[in-house]
Structure formats: C-alpha cells, structure tokens
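Student: after the sequence you'll find the predicted model.
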Amino acid sequence: GAGVSQSPSNKVTEKGKDVELRCDPISGHTALYWYRQSLGQGLEFLIYFQGNSAPDKSGLPSDRFSAERTGGSVSTLTIQRTQQEDSAVYLCASSRIGNSGYEQYFGPGTRLTVT
Amino acid sequence: AQSVTQLDSQVPVFEEAPVELRCNYSSSVSVYLFWYVQYPNQGLQLLLKYLSGSTLVKGINGFEAEFNKSQTSFHLRKPSVHISDTAEYFCAVSMNTDKLIFGTGTRLQVFP
C-alpha cells in the first residue's frame, strides 16, 4: 500500500510569507505526527493528532505555527510570517494505534527554505 | 521527561568490521525504544524496536540492539557492516503512542 506522502517536496519562500505543508497519512492510521529536522536542532517533535482527541501542540516553537487535521486524515502544517530560522525539513509520520507496536511511518519530508 | 543521548556523533568503520552505536536514555517511566536509519536524501526508516519481552531485538539489514534497563541503554550493533550501511542513525524513545524523542544522531561512515 501507499506510504505517507508529503507535498510539496521542496518549498522556497521569502521571509514574512505564509506557507502550508501537506501530509497524507497511511490509510487507516489514526495517529499523525509532525516533526522538524534542522541542522541546529536535530529532530524535534512539533504536534501530534490522535483520533478526535485534542492535539498535543507542546512542540510547536511559536504561535506562528499551527496545524489541523481534517476528517481524521490529511493534515496541514501552516507557518505564518516565515523566518529564516524556520528553514528545515518538515517530516510527517503516522501510526496505527493498537497492535502495531506503535511504529511511526515517516514521509519523505518537505524541505523548506526561507530566503 | 524523557531524553536520549547518542554519545558518538560520527563513527567511521571499515567494511566487514563490527560496529556498535551507543544510545542511553533517561526516563522516570517505562518507555518504548526505537532505532531509525536515514539514508542520504531519504526519509526515516525503522530499523528495530523494543516494546517488551526479550531484551535482544533483531531488526532489518542484520542489525540488532539490546535493551539494558539497569544501564538505561539501547545500543545498536551489527557484526559486519557494508558500504551500503553508510547513513545517519537515530535512537528514539516514546511513551505508549506518544511522540518520539530523538537523539542527535550518529553518522556511520563505512570505508572500503
């Protein structure tokens, strides 16, 4: 079956612009996660959605970052008024909660460059 | 709160030699442990995981890891590496279905 897909694969934007990053999880996976991978910070957790529960937003670095998950499937990560320090690879992962062993399957990522 | 320490940022090794990548974690509660691999310009792929049971877990590509609760370690080993094992390796912990907390990664460079 299809894995986690993310779009776009690359995004170059000017400082101050807003960007939207999309994630399509594996069908049937109820949990969805966003992470950020950057040279200075390594791999950081951003936000976690599980079913209809309130998302865990504890990793979002500022109020410029937000995410939503529509219909329990596709998720969009939005960064408003982008800054150069937002440049990173944004990774999405999904998992099937229950008997899967809590394995998170990662997408290929979106490389964001803020100029 | 949990944390993960990968003691070696880079590990150079010759082909067919054994390798160990070290990982220590800190947590006040039971955690699940994972090793992920990231090949150049690719996404993260799960190598192996420890949830419960046998402390020696075997993963893909001939890798294995041993969970040591007393030493809070989860070191990754391979008895004979190949050039194709050159990649970045990440150790991670999580509680239940919670977020993954990653270490800073170890770059394994295999030389011919």
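Tutor: Yep, it's here. Keep in mind the model is a prediction, meaning the values are calculated, not measured. Numbers count the residues shown, from 1 in each chain, chains lettered A, B, ... in the order given.
Student: where does chain B dip in pLDDT?
Tutor: Applying pLDDT under 70 to chain B flags residues B:96-97.
Student: from residue B:13, how far off is the residue nearest in space to the middle of chain B?
Tutor: For chain B, residue B:35 is the residue whose C-alpha lies nearest the centre (Cα atoms, centre = their mean; 3.6 Å). Using Cβ to Cβ, to the nearest Å, we find residue B:35 at a distance of 17 Å from residue B:13. For glycine as for every other residue, the C-beta is placed from the backbone atoms N, C-alpha and C.
Student: who touches residue A:68 in this structure?
Tutor: For residue A:68, the contact set (Cβ atoms under 8 Å, 6 or more residues apart in numbering or on different chains) comprises A:75-76, A:78.
Student: what does chain B put close to chain A?
Tutor: Taking Cβ under 8 Å from any Cβ of the partner chain as the contact definition, chain B meets chain A at B:32, B:34, B:36, B:42-46, B:49, B:51, B:90, B:92, B:94, B:96-105.
Student: filter these to the buried ones?
Tutor: Among these, those scoring as buried are B:32, B:34, B:36, B:43-44, B:46, B:49, B:90, B:92, B:94, B:97-105 (criterion: 16 or more other Cβ atoms under 10 Å in any protein chain shown).
Student: which residues touch the helix or strand hosting residue B:36?
Tutor: Residue B:36 belongs to strand B:32-38 when assigned by DSSP states H and E. Applying Cβ under 8 Å, 6+ apart, the external contacts of strand B:32-38 come out as A:102-103, A:106, B:21, B:23, B:25, B:44-51, B:59, B:61, B:63, B:65, B:67, B:74, B:76, B:87-96, B:100, B:102, B:105.
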